[in-house]
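Novice: got a predicted model here, sequence first, then my questions.
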Amino acid sequence: MSHQSDDIPPLAPASGFGWDEPTLDAAEGAHPFGTPDTARYQRGTELGRGGMGRVVGAWDQRLHRQVAIKEIVTDDPAIARRLAQEAWITAQLDHPGIVSVYDAGQDANGRLFYVMRLVRGRSFTDALQEGDEPQRRLRQLLSVCQAVAYAHSRGIIHRDLKPGNVLVGDFGEIQVMDWGLARPVRRDQSWVQVLPPGLVAQTRIGVSVGTPQYMSPEQAGGAEVGPPSDVWSLGVILYELLARRPPFDGDTPQEIIAQVVTRAPRPLDDVPPELAAIVQRALTRDPKDRYADAGQMAVDLERYLDGQRVDAHTYTSGELLVRFIQAWRVPLLVASAVSAVAAVLLAGAVQRVNVERQRALAAEERVQAALNRSDENLRRALVAHAQAALKAGARAEGEVIAANALMLGDSPEARGVLAGFSNAPRPQLLSTTTLPDCSVGRILSNDGSMVLCVRDEETLLWSAETGAPIWTKNVSAFSATFGADAHKLLLHFGGITESGWLLDARTGALQPQNMADLRQRLHVRSASFVGRHNSSYVQTLNLDTGQNITHTPCNAKMGTAAVSHLNVLGTVCDDGRILINDLDAQDVASRAFQTTLTMSWTSVFSTDGGQMVIGTLDGQVALFDVDAGQIVEVRKIGDGMIRAIDISPDGSTVAALAERGSVWLWQVNQDTSLFRLPGEPGR
């Protein structure tokens, strides 16, 4: 019994199962978590049916997801015990290749059911019938062997392994299904002891259960079975994958069982000898001569896929010679191209191959083992870094690292990282602007149309639209500030004079307001429209009028301030207070709000003046609501200081430049992860 993707529609408001996804009734205050047990699962279309029951698609009204429910359709107590046994055993097998059990219970009629993951895909039977991509099918069968190996390590055998009980998901995942005939073979397993007393039925000797075509001889004969019996079933699946036909003929189950018990499987033709050896060991009639469990078979199959020596195959001298030449093909090719003498030396080396065969094989195994350990360690390290990038929202780094991890070997964790980024927003480069080469720095106007470039002996205004200078001054400015409309520009000259100019940004003409009288301790910050703080005052300049305004709201030696285009001054004090002043007022009265912020480094107002974004020295960015007078959102960017911050004109997105040069974005008032932009550091 299986459920496949052709019967399962994608998630949508109309599910296709016969129900519509429920919505929360705000008026009644109902919440999905309050759904009673009897109404939690809304059943839909039947997906499959077997001898013990059926599988239906269902909607989990508590968690809002599609699931599959396996339930009995009879009141037979024996069938109910088998379903309960299947649910309990499957729930203990916590492996990516084994279907997950979510819940279990009784319906309104008292009949048992259990809930499991809904796998979207197709059966391995359908995949084998296509007959293409044999290497890919071998990799998928390897995943099946590894999942069954996990069950064997837990003391459980499946007893009904066949292609129809294996699902291949839409994203390549493998799920081993239908554990209804599974049994524990070791009663000393601690988790087996937690099963209800008498739940796990004992296998009746002399009675055969399973699918005849895939039964081992001992299972077909009704004898007691163990892990080698599952190995036989895996060998039959591998045989069908290679030969495109079953190993035994028969029109009825009885004829097939008779051949399984008495005859050897038909020989394989045109199959690599290593694979033929794996099939032969798996289908050996005596269980003692087979692989002891699925784990040993998985190791041999993986060795073949990786080009290593297969334990089940006995190599001839010629095969060993070919492997030796393949391992040393590059030096041999170089030697043959340099001189004919190399060919003579190669002939001598070939003659000595048999003598040094054991030494070469031993060295090969040691080197290969070291390479395997190195690749595995590197893969684990890459997976760890990719998971960290996923958690941090670093999409570009995470995708590249996860892809490199998958090149070293299959990893559910790495695939999970790629899946985690599948629905995340992907940044797109809309345009680029060539900027001038400045030794001191670049300062952009508020609208981004002009760039002020400060060099050692000159200051020039650069047009971002034409890519050419607008005007040049033969002076070196200490810092600069653009006005709200980008038409006025304040240049500040450091040093002894501590003076400044107010210019028309479009022409470079000096405005009537000469700022030489501000040389007493005035320090202009290029990103904030305000004077630098010193001791116990804040010196502010109105760029539209040239008027100096002095406020003394707090002791802010390291604090910052910002002025909006509405003439509102916000100051962050060293003790965490935030003070809001109206620059048009004649007095110095301010509104004060106490916060837990540490000393700030930079701050900026939103376009409408309603929000103030503050960056601190310990890597935090806070969003302060001016009207509400409180911090409404805080994000941790890193451990260092926030070098620069900005907020989009519509107030929806905040950008912050961390100390190490990473630019981070997030949506305001939305519970979304931080997103780091790839590329070079910027402001």
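Specialist: Ah, there it is.
Novice: tell me the bridge partners for residue 622.
Specialist: residue 614, residue 634 (DSSP bridges).
Novice: contact partners for it?
Specialist: Residues in contact with residue 622 (CB atoms under 8 Å, 6 or more residues apart in numbering) are 595, 597, 613-614, 616, 631, 633-634. The way it works is simple: take the backbone N, C-alpha and C, and place the C-beta from them, glycine included.
Novice: could you redo the last one with a cut-off of 10 Å?
Specialist: With contact set as CB atoms under 10 Å, 6 or more residues apart in numbering, residue 622 has these partners: 572, 578, 595-597, 600, 603, 612-616, 631-635, 642, 645, 654.
Novice: could you point out the helix or strand that follows the strand or helix carrying residue 592?
Specialist: In the assignment (DSSP states H and E), residue 592 maps to strand 591-594. Per DSSP H and E, the first helix or strand lying C-terminal to strand 591-594 is strand 600-605.
Novice: can you give the strand pairings for that following strand, parallel or anti for each?
Specialist: Under the criterion DSSP bridges, strand 600-605 sits next to strand 611-616 (antiparallel) in its sheet.
Novice: can you dump the C-alpha coordinates of stretch 647-665 into PDB?
Specialist: Provided in PDB are the C-alpha atoms of stretch 647-665 (Å, rounded to 0.1, in the frame of the first residue of the first chain):
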ATOM      1  CA  ILE A 647      15.800  53.300   6.200                       C
ATOM      2  CA  SER A 648      13.900  53.200   2.900                       C
ATOM      3  CA  PRO A 649      11.700  56.200   1.900                       C
ATOM      4  CA  ASP A 650       8.600  54.200   2.600                       C
ATOM      5  CA  GLY A 651       9.900  53.100   6.000                       C
ATOM      6  CA  SER A 652       9.500  49.400   5.200                       C
ATOM      7  CA  THR A 653      13.100  48.300   5.000                       C
ATOM      8  CA  VAL A 654      16.100  49.000   7.200                       C
ATOM      9  CA  ALA A 655      19.700  48.600   6.000                       C
ATOM     10  CA  ALA A 656      22.700  48.400   8.400                       C
ATOM     11  CA  LEU A 657      26.400  48.100   7.700                       C
ATOM     12  CA  ALA A 658      28.200  46.000  10.300                       C
ATOM     13  CA  GLU A 659      31.800  46.400  11.500                       C
ATOM     14  CA  ARG A 660      33.100  43.700   9.200                       C
ATOM     15  CA  GLY A 661      31.500  45.300   6.200                       C
ATOM     16  CA  SER A 662      28.400  43.100   5.800                       C
ATOM     17  CA  VAL A 663      25.200  44.900   4.700                       C
ATOM     18  CA  TRP A 664      22.100  43.400   6.400                       C
ATOM     19  CA  LEU A 665      18.400  44.000   5.500                       C
END
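Novice: list the buried residues of that stretch.
Specialist: 647, 651, 654-658, 662-665 (16 or more other CB atoms under 10 Å).
Novice: stretch 87-103 now?
Specialist: Buried residues in stretch 87-103 (16+ other CB under 10 Å): 87-93, 95-99, 101-103.
Novice: tell me which two of those sit farthest apart.
Specialist: Across those, the longest distance by CB to CB is 20.9 Å; it joins 97 and 103.
Novice: related to what we said a few turns ago, list the buried residues in the strand holding residue 592.
Specialist: Those would be residue 593, for strand 591-594 by 16+ other CB under 10 Å.
Novice: name the strands paired with it and say parallel or antiparallel.
Specialist: Per DSSP bridges, strand 591-594 is paired in its sheet with strand 577-582 (antiparallel).
Novice: so how far is the partner strand from its chain's centroid?
Specialist: Centroid displacement of strand 577-582 relative to its chain, using CA atoms, centre = their mean, to the nearest Å, is 43 Å.
Novice: check stretch 652-660 too.
Specialist: That offset, for stretch 652-660, works out to 23 Å (CA atoms, centre = their mean).
Novice: and for residue 294, the neighbour number?
Specialist: 29 (other CB atoms under 10 Å).
Novice: actually residue 42, not the one I typed
Specialist: Neighbour tally, residue 42, other CB under 10 Å: 18.
Novice: where does the protein have its least confident helix or strand?
Specialist: Lowest by mean pLDDT, DSSP states H and E among the helices and strands of the chain is strand 533-534, with a mean of 36.
Novice: re earlier: buried members of the contacts of residue 622 into PyMOL, please.
Specialist: To isolate the buried ones among those in PyMOL, judged by 16+ other CB under 10 Å, type:
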select buried, resi 572+578+595+597+600+603+612+613+614+615+616+631+633+635+642+645+654
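Novice: so which helix or strand takes in residue 78?
Specialist: helix 77-92.
Novice: name the helices or strands packed onto that helix?
Specialist: strand 65-71, strand 101-106, strand 112-117, helix 134-153, strand 156-157, strand 183-184 (3 or more CB pairs under 10 Å, 6 or more residues apart in numbering; DSSP states H and E).
Novice: pipe these into CSV and attach distance to residue 277 and mean pLDDT per row.
Specialist: What follows is the helices and strands packed on helix 77-92, written out as CSV (distance: least, CB to CB, whole Å; pLDDT from 0 to 100):
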stretch, distance to residue 277, mean pLDDT
strand 65-71, 39, 93
strand 101-106, 37, 92
strand 112-117, 36, 93
helix 134-153, 14, 93
strand 156-157, 24, 94
strand 183-184, 30, 89
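Novice: so which of those gets nearest residue 284?
Specialist: helix 134-153 (16.6 Å).
Novice: what helices or strands is the closest one leaning on?
Specialist: Taking 3+ CB pairs under 10 Å, 6+ apart as the contact cut, helix 134-153 packs with helix 77-92, helix 124-130, strand 156-157, strand 166-169, strand 174-176, helix 227-243, helix 273-282, helix 294-305.
Novice: which of those is buried the deepest?
Specialist: Of the helices and strands packed on helix 134-153, the one with the most neighbours on average (mean count of other CB atoms under 10 Å) is strand 156-157, at a mean of 26.
Novice: paired strands for that one, with orientation please.
Specialist: Partners of strand 156-157, by DSSP bridges, with direction: strand 183-184 (antiparallel).
Novice: any idea how far the strand it pairs with is from the chain center?
Specialist: The answer for strand 183-184 is 35 Å, by CA atoms, centre = their mean.
Novice: average pLDDT across whatever helix or strand comes next after it?
Specialist: Where DSSP H and E defines the elements, the next helix or strand beyond strand 183-184 is helix 217-220. Per-residue pLDDT values over helix 217-220 give a mean of 90.
Novice: I appreciate the help and will end here.
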